[in-house]
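1. Below is the sequence, then the predicted model.
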Amino acid sequence: MPNKITKLTPLDLVISIILLLGLIYVAYKIKISLSYNWNWEAIPQYFFRYDPENESWVMNILMQGFMTTIRLSVWATIAATIIGTVMGLCRVSNILFFRLIGTTYVTSIRNLPPLVIIFICYFFVGDQILPALGVDELVRDSNTHTQTIIGVLFAPPSLFTAFLSALITLSLFEGAYITEIVRAGIQSIEKGQWEASAALGFTRGQQMRYIILPQATLRILPPLAGQFISTIKDSAIVSVISIQELTFQGMELMSATYFTFEIWITITVLYLLLTLTCSLGVERLEVYLRKNST
């Protein structure tokens, strides 16, 4: 089926003009009623700054938070996908014990407030388990090259434990939703596929590996990619445990400069830049999978 070309209608134009006028009116009321002095010229310096020691431009507070959000979202999505795949398989297992594990995990995580999960992971995992495992000492005693790699891929060594706590929190939280995506994808495969593969003498493990999962993957990928967008948005909540991602850096910068509207509008644009880019990628992925499946 050919893609339908979206045309700009007069109604779309009218709505766009109304929205633009509304934004202008809000900005005017802020300027007049609140006597707020806009200072957009000060914002660019918080993206990059010139380092006289190295004689080069380096990332400043907003760009550092932006990159931390990307790292946290990517690693959390990878870890959550692994957790969700394992738990999704448990949810459709023939073994009652595995089904109970998967159901308990999904029910517990999805019915707990994210803030509770964050504080449990931060104070229990971050303060107790990770130090007991010697993670801090391992990172601190590693060579300079290893610390540089950790800083690029994850976070500075001094903040690695806190970053790992946030990563575990997001992974557990998002993993519960990915579990349901995987379960629904597997259960959406027609019953005849199971019966035909069983008639050929396949064991259940072989059925899952060679017949069911390859077909279910095509149905799982689009919502899984969409879950990555949710992870980007949900990553803002880890700012409550002082993870220096975009929202936390914005709060720090606002308290120091009092550029309230400029800072939060800028952060909104940065989040939209991430999520809208991912949304376009998901749409392209869905179109690609739809063409290849027909």
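-> Structure's in. What do you need? Residues are numbered from 1 along each chain as shown.

2. Dihedrals phi and psi, Phe48?
-> Dihedral angles of Phe48 (phi, psi; degrees, to the nearest 10) stand at phi -140, psi 150.

3. Can you pull up the most central residue in the protein?
-> For the chain, Thr231 is the residue whose C-alpha lies nearest the centre (CA atoms, centre = their mean; 2.3 Å).

4. which residues does that one contact?
-> 73, 76-77, 80, 170, 174 (CB atoms under 8 Å, 6 or more residues apart in numbering). Where C-beta positions appear, they are placed from N, C-alpha and C, glycine not excepted.

5. and with 10 Å instead?
-> 69, 72-77, 80, 170-171, 173-174, 177-178, 278 (CB atoms under 10 Å, 6 or more residues apart in numbering).

6. just these now: which is nearest Arg49?
-> The shortest approach to Arg49 among the contacts of Thr231 belongs to Thr69, at 19.3 Å (CB to CB).

7. What residues sit buried inside the host helix or strand of that closest one?
-> Assigned by DSSP states H and E, Thr69 belongs to helix 61-91. Neighbour-count burial for helix 61-91, with 16 or more other CB atoms under 10 Å as criterion, is recorded at 61-66, 68-69, 71-73, 75-77, 79-81, 83-91.

8. what helices or strands is it leaning on?
-> strand 48-51, strand 56-59, helix 96-110, helix 144-153, helix 160-187, helix 213-234, helix 246-257, helix 260-293 (3 or more CB pairs under 10 Å, 6 or more residues apart in numbering; DSSP states H and E).

9. got JSON lines for these, with mean pLDDT and distance to Gly134 too?
-> Shown next, in JSON lines, are those (pLDDT from 0 to 100; distance: least, CB to CB, whole Å):
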{"stretch": "strand 48-51", "mean pLDDT": "88", "distance to Gly134": "34"}
{"stretch": "strand 56-59", "mean pLDDT": "88", "distance to Gly134": "31"}
{"stretch": "helix 96-110", "mean pLDDT": "94", "distance to Gly134": "27"}
{"stretch": "helix 144-153", "mean pLDDT": "89", "distance to Gly134": "15"}
{"stretch": "helix 160-187", "mean pLDDT": "92", "distance to Gly134": "11"}
{"stretch": "helix 213-234", "mean pLDDT": "88", "distance to Gly134": "29"}
{"stretch": "helix 246-257", "mean pLDDT": "92", "distance to Gly134": "27"}
{"stretch": "helix 260-293", "mean pLDDT": "85", "distance to Gly134": "35"}
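
10. Deepest in the core, which of those is it.
-> helix 160-187 (a mean of 22; mean count of other CB atoms under 10 Å).

11. from the middle of its chain, how far away would that helix be?
-> 10 Å (CA atoms, centre = their mean, to the nearest Å).

12. cool, stretch 253-265 as well?
-> 24 Å.

13. What's the end-to-end length of it?
-> In stretch 253-265, first residue to last residue: 13 Å (CA to CA, to the nearest Å).

14. circling back: the inter-axis angle of the helix holding Thr69 versus helix 260-293?
-> Compare the direction of helix 61-91 with that of helix 260-293 by axes from the mean of the first three to the mean of the last three CA atoms, to 10 degrees and you get 40 degrees.
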